[in-house]
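Enquirer: Please find the sequence and the predicted model below.
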Amino acid sequence: MNRRTIVRGIQLIVGITLATFTWLLYSSIREDSVHGHPADFAAGFAHLHPLWLLVAAVLALQEGVFGGLRVYVLGRVLSTELKVRTAIISEFVLMFCAGVTPLQAGAAPSQVAVLANGGMRLVDVATASLLTALCTATFFLASIIGIFILRARGEFVVADGPQLDWLLTLSVGVVGTSFTAMILCAAYPPLLKALVRLLAVPFGFIYRGLLRLLALSTRLRPWATKALDKPGAVRDRLLKSVDEFNHGFRIYLERGKIAYLTAQLLTFAFFCSRFAVAYFILLGLGLPVTPKTFVTLGPPLVQVILVQVLLNFALYLSPTPGASGVAEAGSSAIMSPWVQPPYVIAYLVIWRVLALFLCMFVGGIYVFRYLGTDVLEQRTKDIEAEKRALKAA
């Protein structure tokens with residue numbers, strides 16, 4: 001990941017976000033004109049309570065802190081060289097790179113680079129990252145099942161219900177497949193390897209077709225040609241990863257069970273901190289936290305968190321950098337029982353800044369310091385080369 005890629009991702013976020021805000025602003029003005037009310041968006045900021053917004057900002061930053069502590073707890077099982085500061089920085093860097101790349105493609109490589117630069121072996125980073133992903137998948141799967149049960153009993157009512165049911169079904173497929181693959185990695189690798197070899201045939205055909213299309217581009221031709229010259233490389237890498245994960249998982253079974261349970265608790269704290277931000281933004285805008293219509297069971301804070309869990313699935317599956325467009329439109333619809341005109345734009349601006357951009361900004365400081373000029377990636381390669389040279393000697 002170089003500076004040009006990062007800047008282009010930022011430009012996409014800004015462009016799509018501004019376009020979405022323009023559309024939402026136009027929709028609000030049109031709705032107000034239909035109902036005969038003049039649009040007064042300054043009123044949305046008329047009753048600000050800065051202290052509550054400060055609480056929301058602190059909670060938003062805890063996402064990076066708890067996420068980093070989770071990486072630290074799991075990483076220390078395999079590498080005693082890992083420091084708390086390095087793990088927390090790696091999480092903020094991950095959040096920034098996830099935000100500026102489509103489908104969060106830059107998240108994992110950037111975190112790997114930071115942790116490897118902190119002294120961890122790449123194989124240990126990969127194992128700890130997979131255990132971290134397992135914690136996240138467990139949380140998501142439990143959340144989806146809980147929401148499905150509430151929806152089936154009519155105890156969770158939100159706008160665009162049928163579309164959200166489709167989103168939940170898709171999320172079950174994605175998260176469930178990932179969760180099953182990780183469990184198979186841990187419990188019975190030969191079965192997962194057989195599935196990888198079986199699926200490699202049709203997916204390999206599609207993958208090579210895409211590479212040939214990319215090779216038509218002058219800019220992408222070198223990379224696509226290099227990938228075409230190594231048939232089966234992706235399959236072999238996946239098969240090797242299965243073995244590595246299984247080996248690492250056995251280590252956690254022997255001496256890392258408490259670390260994994262701790263990481264799961266930190267995952268709960270990680271997401272609850274993120275989802276509670278919306279509740280304190282409501283307080284910061286002077287809005288009532290009790291919804292105007294029935295949403296779900298529990299006190300207002302719990303209701304807001306459950307709604308944010310649902311929105312989070314859309315953000316994770318969004319193909320746009322930083323979930324731009326999806327985040328604003330989805331939040332506007334799903335928070336409508338709490339946020340009424342003229343507060344929609346005010347809420348969205350503050351929510352976007354605190355819940356999504358604040359941690360990205362912190363991570364961006366480190367990214368432009370290290371990754372922006374490929375310094376950290378080069379350091380990672382140098383460290384691995386030094387370790388290989390020591391083993392050879």
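Expert: Right, received. Where do you want to start?
Enquirer: Hmm, Val73 and Thr262 touching each other?
Expert: Yes - because the distance of 5.0 Å satisfies Cβ atoms under 8 Å, Thr262 is recorded as touching Val73. Quick note: C-beta positions are derived from backbone N, CA and C, even for glycine.
Enquirer: So these two - more neighbours on which side?
Expert: Each of Thr262 and Val73 has its neighbours counted (other Cβ atoms under 10 Å); Val73 has more, 25 against 16.
Enquirer: helix/strand/coil for that one?
Expert: For Val73, the secondary-structure state derived from DSSP: H, G, I helix; E, B strand; the rest coil is helix.
Enquirer: residue contacts, it?
Expert: By Cβ atoms under 8 Å, 6 or more residues apart in numbering, the contact list for Val73 reads 259, 262-263, 266.
Enquirer: Check Ala269 too.
Expert: By Cβ under 8 Å, 6+ apart, the residues touching Ala269 are 62, 66.
Enquirer: Repeat the analysis, applying 10 Å as the threshold.
Expert: Counting by Cβ atoms under 10 Å, 6 or more residues apart in numbering, Ala269 touches 62-63, 65-67, 69-70.
Enquirer: Who wins on neighbours among those?
Expert: Gly67 (28 neighbours).
Enquirer: Which strand or helix spans the spatially closest residue to it that is not a sequence neighbour?
Expert: Spatial nearest neighbour of Gly67, excluding adjacent residues (Cβ to Cβ, 6 or more residues apart in numbering): Glu91 at 3.9 Å. Using DSSP states H and E, Glu91 falls within helix 84-100.
Enquirer: Are there helices or strands packed against that helix, and which ones?
Expert: If contacts are counted by 3 or more Cβ pairs under 10 Å, 6 or more residues apart in numbering; DSSP states H and E, helix 84-100 sits against helix 3-34, helix 50-78, helix 107-117, helix 122-152, helix 358-369.
Enquirer: Okay, angle between that helix and helix 358-369 too, please.
Expert: If you take axes from the mean of the first three to the mean of the last three Cα atoms, to 10 degrees, helix 84-100 sits at 100 degrees to helix 358-369.
Enquirer: hey, C-alpha coordinates of helix 84-100 in CSV?
Expert: What follows is helix 84-100 as a C-alpha-only set of coordinates in CSV (Å, rounded to 0.1, in the frame of the first residue of the first chain):
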residue,chain,number,x,y,z
VAL,A,84,0.8,-2.9,24.3
ARG,A,85,1.6,0.3,22.4
THR,A,86,2.4,-1.7,19.2
ALA,A,87,-0.8,-3.7,19.4
ILE,A,88,-3.0,-0.6,19.9
ILE,A,89,-1.3,1.3,17.1
SER,A,90,-1.8,-1.7,14.8
GLU,A,91,-5.5,-1.6,15.5
PHE,A,92,-5.8,2.1,14.7
VAL,A,93,-3.8,1.6,11.5
LEU,A,94,-6.1,-1.3,10.6
MET,A,95,-9.1,0.9,11.0
PHE,A,96,-7.7,3.6,8.8
CYS,A,97,-6.7,1.2,6.0
ALA,A,98,-10.0,-0.7,6.3
GLY,A,99,-11.7,2.7,5.8
VAL,A,100,-9.8,3.8,2.7
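Enquirer: Can you mark which positions in that helix are buried?
Expert: The neighbour-count check on helix 84-100 (16 or more other Cβ atoms under 10 Å) flags 86-100 as buried.
Enquirer: Next: stretch 100-118.
Expert: By 16+ other Cβ under 10 Å, the buried positions in stretch 100-118 come out as 100-101, 104, 106-108, 110-118.
Enquirer: Under the pLDDT cut-off, which ranges of the stretch 1-150 of the chain? List them.
Expert: Filtered on pLDDT under 70, the stretch 1-150 of the chain yields the residue ranges 1-14, 16-18, 20-43, 102-106.
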